[in-house]
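**Q** could you look at this predicted model? Sequence included:
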Amino acid sequence: MTAIVDYRAGNLTSVKLAFDALGVETVVTSDPAVVRAAERVVFPGVGAAASAMANLRDLGLVDAVRQAAGSGRPFLGICLGMQILFEHSEEDGGVDLLGILPGKVRRFPDVPGFKVPEIGWNDVQASADGGLLKSGEEYYFVHSYYAELTPFTVGRTEYAGVTFTAAVQKGGLFATQFHPEKSGRVGLDLLRRFLG
């Protein structure tokens, strides 16, 4: 069973519909026990870091998500769900995150000709060990904050003069800044590889 973590941080319907399109049974849950027992965990998210962390604490999900992300089982973080895996975000005046991955999340600089948030398609370059990624494919991004490059970065892209982490992998954990569920065929192909 694949658990989609509901911590009141949005985009659950589009994520569930993407897995439905692949014929995969999922359960949307806020129950830590269900997250711990799941064969695979999907950790999506849109919105702000401080409220997302507060929701995780209020729902008793912090330890369950940490365990799932470090268990070696397939774990997929999406957008805010990737950012929250890092140590600290500049958002909301500074927020401590889950600390599963080293590094910080920063706001894009104000650069003439670039709107923040980044909204739209951007190509992603996979590293040699890109895992689920294929180099040169375009994915759909919506975000004002980005994760710095880390030793676990397996995909990178650029916006507003900043090269940043588009995807990370650490053991069974794979996470993307972009939205595979909104990225058409290439996004569904990536989700299919995650399931495989």
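**A** Nice, thanks for sending it over. Numbers count the residues shown, from 1 in each chain.
**Q** in this structure, where's the longest helix?
**A** Ranked by residue count and defined by DSSP state H, the top helix of the chain is helix 184-195.
**Q** looking at that one now, give me its mean pLDDT.
**A** In this model, helix 184-195 carries a mean pLDDT of 96.
**Q** neighbouring contacts of it?
**A** Contact with helix 184-195 is made by 2, 18-19, 21-22, 24, 40, 74, 76, 132-133, 137-140, 174, 176, 178-181, 183, as judged by C-beta atoms under 8 Å, 6 or more residues apart in numbering. C-beta: built from backbone N, CA, C; applies to glycine.
**Q** I'd like to know how far the residue most central in space within the chain sits from residue 9.
**A** For the chain, residue 78 is the residue whose C-alpha lies nearest the centre (C-alpha atoms, centre = their mean; 2.3 Å). In this view, residue 78 and residue 9 are 10 Å apart by C-beta to C-beta, to the nearest Å.
**Q** which residues do the two both contact?
**A** Contacts common to residue 78 and residue 9, judged by C-beta under 8 Å, 6+ apart, are 44-45.
**Q** quick one on the thing from earlier: restricted to strands, list the contacts of helix 184-195.
**A** Of the positions in the contacts of helix 184-195, 2, 40, 76, 137-140, 174, 176 sit in strands, assigned by DSSP state E.
**Q** what about this structure, any weak spots by pLDDT?
**A** 129-130 (pLDDT under 70).
**Q** sec struct for the residue lying farthest from the centre of it, please.
**A** For the chain, the residue at maximal distance from the C-alpha centroid (C-alpha atoms, centre = their mean) is residue 112, at 27.6 Å. Here residue 112 takes the coil state, with states given by DSSP: H, G, I helix; E, B strand; the rest coil.
**Q** need phi/psi at it.
**A** phi -50, psi 130 (degrees, to the nearest 10).
**Q** quick one: it from residue 161, how far?
**A** Distance, residue 112 to residue 161, by C-beta to C-beta: 10 Å.
**Q** do residue 122 as well
**A** Applying C-beta to C-beta to residue 122 and residue 161 gives a distance of 14 Å.
**Q** what strands line up against the one helix or strand residue 124 maps to, and which way round?
**A** Assigned by DSSP states H and E, residue 124 falls within strand 118-126. With DSSP bridges as the test, strand 118-126 is paired with strand 137-143 (antiparallel), strand 153-159 (antiparallel).
**Q** that strand: how far from the chain's middle?
**A** Here strand 118-126 is found 14 Å from its chain centre; the criterion is C-alpha atoms, centre = their mean, to the nearest Å.
**Q** relative to helix 184-195, how tilted is it?
**A** Inter-element angle recorded for strand 118-126 and helix 184-195: 50 degrees (by axes from the mean of the first three to the mean of the last three C-alpha atoms, to 10 degrees).
**Q** residues of strand 118-126 that come out buried?
**A** Residues 118, 124-126 are the ones in strand 118-126 that count as buried (16 or more other C-beta atoms under 10 Å).
**Q** same list, those residues, but as a markdown table with distance to residue 82 please.
**A** As requested, the buried residues of strand 118-126 are arranged in a markdown table below (distance: C-beta to C-beta, whole Å):
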| residue | distance to residue 82 |
| --- | --- |
| 118 | 14 |
| 124 | 13 |
| 125 | 17 |
| 126 | 16 |
